[in-house]
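Q: need a structure here:
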Amino acid sequence: LSSMVGRVFCLPASLRMDLWLTLLPLASLALVPLTFALSNVLGASGGSQTSTSLSKLIPRFKSHLDFPPSSTVLTYLEINGWLLSSSHTTLLVDPILVGDLDFGIPSVYRGRKRILPSSPGDAKRLIDSLPPLDGLLITQGLDDHAHVRTLRELRRRDPNLPIVAPPSARAAIEVGAGFGAQNVQYVKRGETARFVPRGSAAAGCGGVAGRGP
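A: Numbers count the residues shown, from 1 in each chain. Below is the predicted model of the structure:
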């Protein structure tokens, strides 16, 4: 090995750079199985996922119904997911509530939640127990933000749910989950969208109002 490294450093600088640029990606690929294995071990270390944890979670959602207008209530839903209530508006952000996170390659990667249930029956109960939502915020198009299985269940619960998302999430939202384009406001870099309480005059038939530069 030492002689091979010595030969590498005897090469011209331009060739050394080309060689390192070739070898580094290969070394990264060699670490992928170890990374996936560790993610499975760490993800599964949170204990069993039972309806007991679900029974503890559901009462927390009720706090989003009784909060004072001057306060903000947040519930962490694991990975990148949040439930946020403020100024009479409740938003669901990047939820992963149905099944595991696998980026569409479950045989290679599977990230398990520690607290939230993953079984289809419990996941359906969890989604049905969420407080009334004024909107869904998706921050990017990858599976750990735009989780198609969760989006499908949210569409089952509320086909008219207003959504704000970047254009990169269009395929997951419209093709994968089946939401209509009329549900979604796609916001590009530097643009602004505003959620308003559903049913208010400003919201009209949806829950998203206005977009600015």
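Q: make it CA atoms for all contacts and neighbour counts henceforth
A: OK.
Q: element containing the nearest residue in space to Val73 that is not next to it in sequence?
A: Closest residue to Val73 apart from its sequence neighbours, by C-alpha to C-alpha, 6 or more residues apart in numbering: Ser85 at 5.1 Å. Secondary structure assigned from DSSP states H and E places Ser85 in strand 82-86.
Q: helix or strand right after that strand?
A: With elements assigned by DSSP H and E, the helix or strand that comes after strand 82-86 is strand 89-93.
Q: give the pairing partners of that next one; include direction for each.
A: strand 82-86 (antiparallel), strand 135-137 (parallel) (DSSP bridges).
Q: mind listing the helices for this protein?
A: Secondary structure of the chain (DSSP state H): helices at 2-10, 13-44, 51-62, 120-129, 148-157, 170.
Q: any low-confidence regions in this structure?
A: Scanning the chain for pLDDT under 70 picks out the ranges 1-54, 200-213.
Q: hang on, the earlier thing: extract the C-alpha set from the strand holding Ser85 and format it as CSV.
A: Extracted C-alpha coordinates of strand 82-86, given in CSV (Å, rounded to 0.1, in the frame of the first residue of the first chain):
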residue,chain,number,x,y,z
TRP,A,82,-43.7,19.6,12.5
LEU,A,83,-47.2,20.6,13.4
LEU,A,84,-47.4,24.4,14.0
SER,A,85,-50.2,26.6,15.2
SER,A,86,-50.1,30.4,15.4
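Q: so what touches that strand?
A: Strand 82-86 is contacted by residues 64, 69-77, 90-95 when judged by C-alpha atoms under 8 Å, 6 or more residues apart in numbering.
Q: let's see it at 7 Å
A: 64, 69, 71-76, 90-95 (C-alpha atoms under 7 Å, 6 or more residues apart in numbering).
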